[in-house]
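>>> I need the structure of the sequence given here:
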Amino acid sequence: MSAVPSTPRVRLHIDDTGGTGRPVVLIHGWPLSAESWKAQTGPLRDAGYRVVAYDRRGFGRSDKPADGYEYDTLAADLAGVLEDLDLRDVTLVGFSMGGGEVARYIANHGEDRLHSVVFAAAVPPYMLKTDDNPDGPLTQDKAKEMEDGLKRDRDTFFDGFTKDFFSANGELKVDEQTRQEAIALCKQSDQTAALGCMKAFGTTDFREDLKKVTVPTLVLHGDSDGTVPYEGSGKRTHAAIAGSEAVVVPDAPHGFNASHADAFNRALIDFLAK
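Purely as a prediction, here's the structure:
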């Protein structure tokens, strides 16, 4: 474990299993931290990979600056992680909001360091429903409701958010301890970061970014994701990236890397082996 400066201003907490295996960099969802990958780290390490997971700026154990919560800066933070650790032949795995970093990293920094990428329950191509994005799964009203809820009462918001995060068709798919652990991670987030990143993942258009993705790509999604629905996100990303693969996990909610960890890990490790 180390804290590596991704920019002169911001230090990111990084968990790195080390070793000589091909690196897999895990980029967590909102508003969690690298701790949310604990069901993946061991299996990936055991499969022979070097696993690197970091806390996004403003979240978990990383620095919490007053700004930088838009995707150009967040992608630059990711670039800093790869450069500081001198990682090459990397697979980037972006979960939910983290899928945006993957897309914007490629658009801004290229693919020279990359082997492949994974969009897991990820927000691209464009969440917000607009006149020129009618298939966007996030309405303006819902975005405003989320923002207002987080501003009004963080504890109440995170309680409801984690229920939705881990539920499929109205049924909670994890035990209560797992949900409470997620709430604890949510509460580590800085409020400015949480609000800034909520705006970023809800309103950033990645459609042009996805056109620049040429490395092997896996789209991994739960078919009952109520937070980032497959039809409006993963399915469209799969269609946008020529030659990409898609694995859709049955009866799986948004947080399916925890609720359906075996299926998630099997799909991921099968893809990495190719």
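>>> near residue 94, how many other residues are there?
27 (other CB atoms under 10 Å). Just so you know, the C-beta spots here come from the backbone N, C-alpha and C atoms, and that holds for glycine as well.
>>> same question, residue 148
So residue 148, with other CB under 10 Å, has 11 neighbours.
>>> now the helices for the stretch 151-274 of the chain?
Per DSSP state H, counting those that start in this stretch, the stretch 151-274 of the chain carries helices over the ranges 154-165, 176-187, 191-203, 207-210, 234-240, 256-259, 261-272.
>>> comparing those, which comes out most buried?
helix 256-259 (a mean of 26; mean count of other CB atoms under 10 Å).
>>> what mean pLDDT does that one get?
Mean pLDDT, computed over helix 256-259, is 98.
>>> distance from that helix to the middle of the chain?
13 Å (CA atoms, centre = their mean, to the nearest Å).
>>> so how far is residue 68 from residue 165?
Plainly put, residue 165 is 25 Å away from residue 68 if you go by CB to CB, to the nearest Å.
>>> with residue 163 instead?
From residue 163 to residue 68 the distance is 30 Å (CB to CB).
>>> residue 86 too?
Remark: distance between residue 86 and residue 68 (CB to CB) = 23 Å.
>>> out of those two, which sits in the busier spot?
Higher neighbour count among residue 86 and residue 68: residue 68, with 18 against 8, using other CB under 10 Å.
>>> pretty sure that one sits in a strand.
No. Residue 68 is assigned coil when assessed by DSSP: H, G, I helix; E, B strand; the rest coil, not a strand.
>>> tell me the SS of the closest residue to it other than its chain neighbours?
In this structure, residue 68 finds its nearest non-sequential neighbour in residue 57, 5.8 Å apart by CB to CB, 6 or more residues apart in numbering. What three-state DSSP gives for residue 57 is coil.
>>> and residue 57, what pLDDT?
For residue 57, the predicted pLDDT is 98.
>>> who's in contact with it?
6, 10, 12, 63-65, 68-69, 73-74, 77, 193 (CB atoms under 8 Å, 6 or more residues apart in numbering).
>>> just the ones in helices from those, please.
Judged by DSSP state H, the subset of the contacts of residue 57 located in helices is 73-74, 77, 193.
>>> kindly reformat the residues you listed as JSON lines containing pLDDT and distance to residue 138.
Formatted as JSON lines, the ones in helices among the contacts of residue 57 follow (pLDDT from 0 to 100; distance: CB to CB, whole Å):
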{"residue": "73", "pLDDT": "95", "distance to residue 138": "22"}
{"residue": "74", "pLDDT": "97", "distance to residue 138": "19"}
{"residue": "77", "pLDDT": "96", "distance to residue 138": "24"}
{"residue": "193", "pLDDT": "98", "distance to residue 138": "19"}
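>>> make a markdown table out of those and add distance to residue 177.
Output for the ones in helices among the contacts of residue 57, formatted as a markdown table (distance: CB to CB, whole Å):
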| residue | distance to residue 177 |
| --- | --- |
| 73 | 34 |
| 74 | 30 |
| 77 | 31 |
| 193 | 26 |
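>>> ok, those vs residue 170, which is closest?
Nearest to residue 170 out of the ones in helices among the contacts of residue 57 is residue 193 (CB to CB; 30.4 Å).
>>> my read: the closest one touches residue 62, true?
No. Using CB atoms under 8 Å, residue 193 is not in contact with residue 62, being 9.2 Å away.
>>> what is in contact with the two at once?
Contact criterion CB under 8 Å, 6+ apart; residues shared by residue 193 and residue 62: residue 56.
>>> tell me, how many residues neighbour residue 172?
17.
>>> that one contacts residue 180, correct?
No. Between residue 172 and residue 180 there is no contact under CB under 8 Å: 11.9 Å.
>>> give me the number of residues near the nearest residue to residue 33 once chain neighbours are set aside?
Spatial nearest neighbour of residue 33, chain neighbours left out: residue 60 (2.8 Å); criterion: CB to CB, 6+ apart. The local packing of residue 60 (other CB under 10 Å) involves 24 other residues.
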